[in-house]
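1. below are the sequence and a predicted model; questions follow.
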Amino acid sequence: MNVIISNERQEELSKLDIEIIKSIHGVFEADELVQMFSNFFFGRMILDLTALKDYKDVKNLQKLSMSLDVEKIIVLLPDVPECLAPRFLSRLISMGIYNFTTNLDGVNYLLTNPNTYRDVAHLHQIEEIPPTPTSPSSTEGVNRENMGAMNPYVSAGSFILGIKDVTEHSGATMLTYMLKNAIQKMGKSVIALEVEKKDFVYFNDKDMISVEKTNLANELLKRRDISVILVDMNKADVADLCTDVLYLVEPSTIKLNKLMRIDRKAFEKLAGKKVVINQNLLSDNDIRQFEYEAKIKVFSTLPPLDERVDNTEILQSLLNKVGIMNY
């Protein structure tokens, strides 16, 4: 079932021959749409961009991308120069919004043939990495709202991404390794830290370092000139030191049941967090059922990956959704 949010293109969108579970008309703040749909289960959302207040400011779309599943959103762009400019389209792609069009034929096509990054890569302009802030005055103009808790380590210049297993052995360490390699191939400086374990030693990689929890803050501060710092959190509670955190779930019956026996409120604690189904072999219907039963939204999914090959293209979508590549 689908959702339609319309304004100037209402009459045009009324001609879509699709099943609709909810349709709203008017102009809405980004926060209003997040509140309405962050816990609302739908197949696709067709968003007439003119229904978003101040839609020419791409930061309002970014608010949606941080709280809704952008893979399910089709953006119907207005025929105005600001929204068809290469920079605007490139910034949509950096948020993980790959499905956008200017007409109803395009909407109909994307409903059954959604884009991947490969389909829009030719429109993506990789922006230069901004200078590292070194003083309070040098951070003027930085969008602090989208930089997490703004602790001193984040504001010092690094995007710190925590990665944590929710179900046992969900692949956080291996995903950290593969993300580090992908980010390096994309041209950003990156290191990985693991907390309270020594598994990184087996990668024989100088950019993967094991640290104690009590020393993590100092290690982050020492490396504030690095663009991206990945933190394999293990069991350490260090989310307050991170710009953002991915919570990995492997949805096998045995792992889910084991998790619920250990902590029956495990999924309640994940409400509003970025849940990633790792090593995913579920169908779309299975994922929707999982979301319904767990009462959470799945932020992204990743198929089983071979760490010995280049997974950059697959991981690009996840990195875009988190916001690292636009940081």
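-> Nice, thanks for sending it over.

2. okay, helices next: where are they in the chain?
-> In the chain, the helices defined using DSSP state H lie at 10-13, 30-37, 58-67, 81-84, 86-94, 104-112, 117-120, 152-155, 172-185, 216-222, 253-262, 284-294, 312-322.

3. elements contacting the last one?
-> This means helix 312-322. In this structure, helix 312-322 packs against helix 117-120, helix 172-185, strand 244-249, strand 298-301, with contacts taken as 3 or more CB pairs under 8 Å, 6 or more residues apart in numbering; DSSP states H and E. C-beta here means a position set from N, CA and C on the backbone, and glycine is covered the same way.

4. from the ones you listed, pick the one with the highest average neighbour count.
-> Per-stretch averages of neighbours, counted by mean count of other CB atoms under 10 Å, single out strand 244-249 among the helices and strands packed on helix 312-322, with a mean of 23.

5. so what touches that one?
-> 148, 159-167, 170-172, 175, 233, 239, 256, 270, 273-278, 299, 318, 322-323 (CB atoms under 8 Å, 6 or more residues apart in numbering).

6. that strand vs helix 172-185, what angle?
-> Put simply, strand 244-249 runs at 130 degrees to helix 172-185, going by axes from the mean of the first three to the mean of the last three CA atoms, to 10 degrees.

7. okay, the angle between strand 244-249 and helix 284-294?
-> For strand 244-249 against helix 284-294, the angle by the same axes, to 10 degrees is 100 degrees.

8. quick one: low-confidence parts of the protein?
-> 125-157, 325-327 (pLDDT under 70).

9. outline the domain layout of it.
-> Domain assignment for the chain, taken from automatic domain parsing, gives 2-123, 147-326.

10. so how far is N218 from the nearest residue to N39 once chain neighbours are set aside?
-> Residue nearest to N39 in three dimensions, not counting chain neighbours: K297, with 6.8 Å by CB to CB, 6 or more residues apart in numbering. K297 sits 35 Å away from N218, going by CB to CB, to the nearest Å.

11. show me which of the two is the more surrounded one.
-> Per other CB atoms under 10 Å, whichever of K297 and N218 has more neighbours is K297, with 20 against 12.

12. output stretch 103-117 as CSV - backbone C-alpha positions only.
-> Taking Å, rounded to 0.1, in the frame of the first residue of the first chain, the C-alpha atoms of stretch 103-117 are listed here in CSV:
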residue,chain,number,x,y,z
ASN,A,103,6.5,13.7,-14.4
LEU,A,104,3.9,11.0,-13.8
ASP,A,105,5.4,8.6,-16.3
GLY,A,106,8.6,8.7,-14.3
VAL,A,107,6.6,8.0,-11.1
ASN,A,108,4.9,5.0,-12.7
TYR,A,109,8.3,3.7,-13.9
LEU,A,110,10.0,4.1,-10.5
LEU,A,111,7.2,2.3,-8.7
THR,A,112,8.2,-0.9,-10.4
ASN,A,113,11.8,-0.1,-11.3
PRO,A,114,13.4,1.7,-8.4
ASN,A,115,16.8,3.3,-9.1
THR,A,116,20.0,2.2,-7.5
TYR,A,117,23.1,4.3,-7.0
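
13. how far out from the middle of the chain is it?
-> 21 Å (CA atoms, centre = their mean, to the nearest Å).

14. next, the buried residues of that stretch.
-> Residues of stretch 103-117 classed as buried: V107, N108, L110, L111, N115, Y117 (neighbour count, 16 or more other CB atoms under 10 Å).

15. any chance of those residues in a markdown table, plus distance to F290?
-> Shown next, in a markdown table, are the buried residues of stretch 103-117 (distance: CB to CB, whole Å):
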| residue | distance to F290 |
| --- | --- |
| V107 | 28 |
| N108 | 29 |
| L110 | 25 |
| L111 | 23 |
| N115 | 24 |
| Y117 | 24 |
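
16. which of those residues sit farthest apart?
-> Farthest-apart pair in those is N108 and Y117; separation 21.7 Å (CB to CB).

17. could you report the neighbour count for G26?
-> When neighbours are defined as other CB under 10 Å, G26 has 11 of them.

18. again with P303
-> There are 11 residues near P303, going by other CB under 10 Å.

19. ditto for C83
-> Quick note: C83 (other CB under 10 Å) scores 19 neighbours.

20. cool, and P81?
-> Counted by other CB under 10 Å, the residues lying close to P81 total 8.

21. contact partners for it?
-> So P81 contacts nothing (CB under 8 Å, 6+ apart).

22. and it, how far from D205?
-> In this view, P81 and D205 are 46 Å apart by CB to CB.

23. for V322, same thing?
-> Distance, V322 to D205, by CB to CB: 22 Å.

24. settle it for me: which of those two has more neighbours?
-> Using other CB under 10 Å, the more surrounded residue of V322 and D205 is V322, with 26 against 14.

25. from S14, how far off is that one?
-> Counting by CB to CB, the gap from V322 to S14 is 35 Å.
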